[in-house]
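Peer 1: structure, please.
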Amino acid sequence: MRVKVLTQNLYLPIAGASHHSQRLADMAAEASRFDILILQEVFTFSVFGLSTQSAKDWLKERLKKEGFLYSFSSPNVLFAQCSGLLILSKFPLEEEKNKFISYRTFAGIEIFTSKGALKCYVKVDPNLPPLVIIDTHLQCYSGGENAVEVRKTQLKYLANKLLEGETNCIVAGDMNICARNDVERYKEMLEILNPVRDILAEKAYAQGHDSQAREVTMSNAERPDESLDYIFLRAAKEGPRWEYEDGSCQVEKIKASSKTWGVLAKGNKTDEDPGTISDHYGVSAVFYYHDS
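Peer 2: Now for the predicted structure:
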């Protein structure tokens, strides 16, 4: 049994981005290629607990048509946008084990977002242990030097609350820590989450490079050539376990269907290169159960 997983920041803030519905539709058109979607920035905005805008609800309903009948998302908040985290699966979830944690620290504009992490248990096969998945989106760059310490605190909280005792799981999402340009913080992240493997970086390691050669997953005028999006695997080296299929990890540059709402392009957007659905690229990988 092979399971293809995608992590993708969909760039759907309530303010600061446009053409939400068109870009969501483009994501929906590509979704069937994957079995589990680990998403960030799929926001619901609430006023006094009542939802006023919800990309999350639309996507959950639309992707039922593509076989994603099971989902787990971050809760709505009293006032502001939720954490924007959403896991969608073609396989059942052990819903009684679903868990959301809210980070207690933030900086800058993150006061308007309830940052946190999701954890769920996916029953890929009733005869196998569940595939454990954690989805998170750490503090953005707003907040200057304080943001660096906030991200570190959030990582430690995640490790303590969701990773403690787990020997086999996936941790994925937008970490806002660049493996290419901030090697010190990148290594610090690996130490906090240890033991984990950064499976996208392993492609660079296999070619004799270090993390600075890790593929780009985000780029804009202020921060070109960033690598912020991750799929980490925690697994023993021997014995039965969920394992990563060597060579299967890919950067997913999902194209927009029109240059009118495309985001990232190699140069000026054209009909041939309309740009992507988000300011982040996705990262995908295939996992299987290794039974010996």
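Peer 1: low-confidence stretches in the stretch 151-292 of the chain?
Peer 2: The stretch 151-292 of the chain contains residues with pLDDT under 70 at 221.
Peer 1: neighbours around residue 115, how many?
Peer 2: Neighbourhood size, residue 115 [other CB atoms under 10 Å]: 24. (Each C-beta comes from the backbone N, C-alpha and C, glycine too.)
Peer 1: now swap in residue 282 and tell me
Peer 2: Look at residue 282: counted by other CB under 10 Å, it has 26 neighbours.
Peer 1: swap in residue 272?
Peer 2: The tally of other residues near residue 272 (other CB under 10 Å) stands at 7.
Peer 1: what does residue 191 give?
Peer 2: For residue 191, the count of nearby residues is 11 (other CB under 10 Å).
Peer 1: next one: residue 153
Peer 2: 16.
Peer 1: same question for residue 234.
Peer 2: When counting by other CB under 10 Å, one arrives at 20 neighbours for residue 234.
Peer 1: ok, it to residue 75 distance?
Peer 2: Spatial separation of residue 234 from residue 75 under the definition CB to CB, to the nearest Å is 26 Å.
Peer 1: same check, this time on residue 257
Peer 2: Taken as CB to CB, the span from residue 257 to residue 75 is 32 Å.
Peer 1: over to residue 117?
Peer 2: Taking CB to CB, one finds residue 117 at 13 Å from residue 75.
Peer 1: anything in contact with each of those two?
Peer 2: residue 100 (CB atoms under 8 Å, 6 or more residues apart in numbering).
Peer 1: between these two, which one's more packed in?
Peer 2: Neighbours were counted for residue 117 and for residue 75 using other CB under 10 Å; residue 117 has more, 26 against 13.
Peer 1: any idea which residue is closest to the centre of this structure?
Peer 2: In the chain, the centroid-proximal residue (CA atoms, centre = their mean) is residue 173; its distance is 2.6 Å.
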